[in-house]
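>>> only geometry, no sequence info:
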DNA sequence: AAGTTTATTGAAACGTTTTTTCAATAAGGG
DNA sequence: CCCTTATTGAAAAAACGTTTCAATAAACTT
């Protein structure tokens, strides 16, 4: 089982005690090669180009596992929340409404903001979700033309 | 058509040019009386106690309409994004992981944070989503006992 | 109050997304 | 190589959401 070209997330999977199967590697590769959020069916379609026996169920299971391990995150919108994108060390998604590209950004200052909310409301805060949506520079440029 | 006890959102609906039907009022009342995020089926069950002929399809349609008007918002989580809660003037949800209560909070400082991201990335930012999850004071107290 | 207009309804049917079941397969260890 | 068992994928099922359309009811007009 050669892992010379395995995406970086593969090591994290192995380190967590999971097996590196061909279907999982195909899913990982699709996620690695695409910076737009992709829904399970799109991942399935692209994954079958890499591993033709890939099953849609496996895509769902793999995404769930990766999400559990914090390696991917769901991409949220008001209408649909079906897409997933890779999750790096930066925690927050910046989503282009034009090309659907998903970029991560660190959000300095959010800790202070959360602390203020904690003091105002008495809530502990254990999880937070922040997504910003707008147009990336490339889409801004092409819309201006 | 008496609206003596109509929830506040009813006026917003009427002002937007929509009819205040019994099914819609039932949905509005359910949302008004519950501070936990509720999924469509839960709203349907509770709504039928108010208006027995209520249909599930109507719940979905009413939620869509209310969301379109900014009167309710979807509640997001990593696993499921099926719940809705009332939306007031404050924009952001604070969700209790214990009792599922959804509270809104204003988030002073987020504008500055978004501006910093804009300058770092070149993105315009037209929408933002922020949710904080933790334990409310009541659940903290009951867990400590 | 009665009549008219038309927005809205709900059940049935349908479409989409996600999960379960289970025999078969394959990853990884000895 | 053999063994263990995690994982797979197709079929089936469950869950979530939308469309169709005749009937109903909200709101307006007279």
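Yep, it's here. Because the structure is predicted, anything quoted here is derived from the model rather than measured.
>>> relative to the centre of chain A, find the outermost residue for me.
residue A:120 (31.7 Å; C-alpha atoms, centre = their mean).
>>> wait, that residue touches residue B:105, no?
Yes - Residue A:120 lies in contact with residue B:105 (C-beta atoms under 8 Å); the separation is 7.1 Å. Yep, even glycine has a C-beta here, placed from its N, CA and C like the rest.
>>> which phi and psi values does residue A:93 adopt?
phi -100, psi 140 (degrees, to the nearest 10).
>>> and for it, the neighbour number?
22 (other C-beta atoms under 10 Å in any protein chain shown).
>>> gap between the residue lying closest to residue A:58 once chain neighbours are set aside and residue A:130?
The shortest distance from residue A:58 to any non-neighbouring residue, by C-beta to C-beta, 6 or more residues apart in numbering or on different chains, is to residue A:23 (4.7 Å). Using C-beta to C-beta, to the nearest Å, one obtains 32 Å as the distance from residue A:23 to residue A:130.
>>> more neighbours, the two?
Per other C-beta under 10 Å, whichever of residue A:23 and residue A:130 has more neighbours is residue A:130, with 23 against 19.
>>> measure the more buried one to DNA strand C for me?
21 Å (C-beta to the nearest atom of the strand, to the nearest Å).
>>> show me the residues around that residue that make contact.
Under the criterion of C-beta atoms under 8 Å, 6 or more residues apart in numbering or on different chains, the neighbours of residue A:130 are A:91, A:92, A:93, A:107, A:110, B:128, B:129, B:130.
>>> 7 Å instead?
With contact set as C-beta atoms under 7 Å, 6 or more residues apart in numbering or on different chains, residue A:130 has these partners: A:92, A:107, A:110, B:129, B:130.
>>> do the same with residue A:121
Counted by C-beta under 7 Å, 6+ apart, residue A:121 has contacts B:94, B:103, B:105.
>>> now do the helices in chain A.
A:8-15, A:22-33, A:40-50, A:56-68, A:110-121, A:137-144 (DSSP state H).
>>> can you list the residues of chain A near DNA strand C?
By the rule C-beta under 7 Å from any atom of the strand, the part of chain A lying against DNA strand C is A:1, A:14, A:19-22, A:39-41, A:56-57, A:60-61, A:64, A:82.
>>> ok, back up a step: which one, of the helices of chain A, ends up nearest to residue B:46?
helix A:110-121 (26.3 Å; C-beta to C-beta).
>>> what's the offset of the closest one from the middle of its chain?
Computed by C-alpha atoms, centre = their mean, to the nearest Å, the chain-centroid distance of helix A:110-121 equals 26 Å.
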